[in-house]
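Chemist: Here is the input, now give the coordinates:
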Amino acid sequence: MSTPDHPDDAPLYQRDPHAWQAHLAEGNRVQPRKRVAAEVVIHDTGGRILLVDPSYKPPWDIPGGMAEANEPPAQTAWRELREELGLDIELGGLLCVDWVAPHGPWDDLLMFVFDGGVLGPAQAAALAPADEELRRAEFCGRGEAEQRLRADVWRRTRAALAALSTRTPVYLHNGRGPSAHPAP
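Modeler: This next block holds a predicted model:
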């Protein structure tokens, strides 16, 4: 029977909760997936930034890595610090989200950057790679960080550092403000 809220020609999922769930599942199956990763900006008491030298790629990076299936970005950041550096720290706030365009063999990516705070002298001195994914971990001044990091990673890191000082998270496209990219 047709009613004003549910005419007879209305899609089945509007009247059947099980059909609605099936409709959502189909949409979930065919929609594109985003890669998600998280990084952490960590300082020593001298204000230097922690960089890591990954064994699986040439350039230096800031600590972090790829999210596992259904893992929240903050959990990703915390897990990566534990796995790669043996660091168990409480993360501060979100500093930035950077949409990274498809490049090389990779689809696009959402990179979340969190504040990792300041490590005390003893904790900073004891810092060392905890697994084979890292060759080294070093604190560097901004100039040295700019030289060691890829240009896009440095732009994102610089924006995260600015967000840390203003306490205002930023949204980026490839390490730049979205205004640098015209709308489609």
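
Chemist: avg pLDDT for stretch 133-142?
Modeler: Across stretch 133-142, the average pLDDT comes to 97.

Chemist: can you count the residues close to residue 145?
Modeler: 22 (other CB atoms under 10 Å). From N, CA and C alone the C-beta is placed, and that goes for glycine too.

Chemist: For it, list the residues it contacts.
Modeler: Residue 145 sits next to 49, 51, 154, 157 when contact means CB atoms under 8 Å, 6 or more residues apart in numbering.

Chemist: which residues touch the top helix by length along the chain?
Modeler: Assignment by DSSP state H gives helix 151-166 as the longest helix of the chain. The contact list for helix 151-166 (CB under 8 Å, 6+ apart) reads 39, 41, 49, 59, 61-62, 95-96, 98, 100, 111, 113, 115, 142, 145-146, 149, 169-170, 172, 174-177.

Chemist: change it to 6 Å
Modeler: With contact meaning CB atoms under 6 Å, 6 or more residues apart in numbering, helix 151-166 is reached by 41, 62, 95-96, 98, 113, 115, 146, 169-170, 172, 174-175.

Chemist: How about stretch 93-109?
Modeler: For stretch 93-109, contacts defined as CB under 6 Å, 6+ apart pick out 35, 111-115, 156, 159-160, 163-164, 169-175.

Chemist: Out of those, which end up buried?
Modeler: Neighbour counting by 16 or more other CB atoms under 10 Å classes 111-115, 156, 159-160, 163-164, 169-170, 172, 174-175 among the contacts of stretch 93-109 as buried.

Chemist: Quick check: the two most widely separated of the residues you listed?
Modeler: The distance between the two most remote of the buried ones among the contacts of stretch 93-109 (CB to CB) is 21.5 Å, for 115 and 174.
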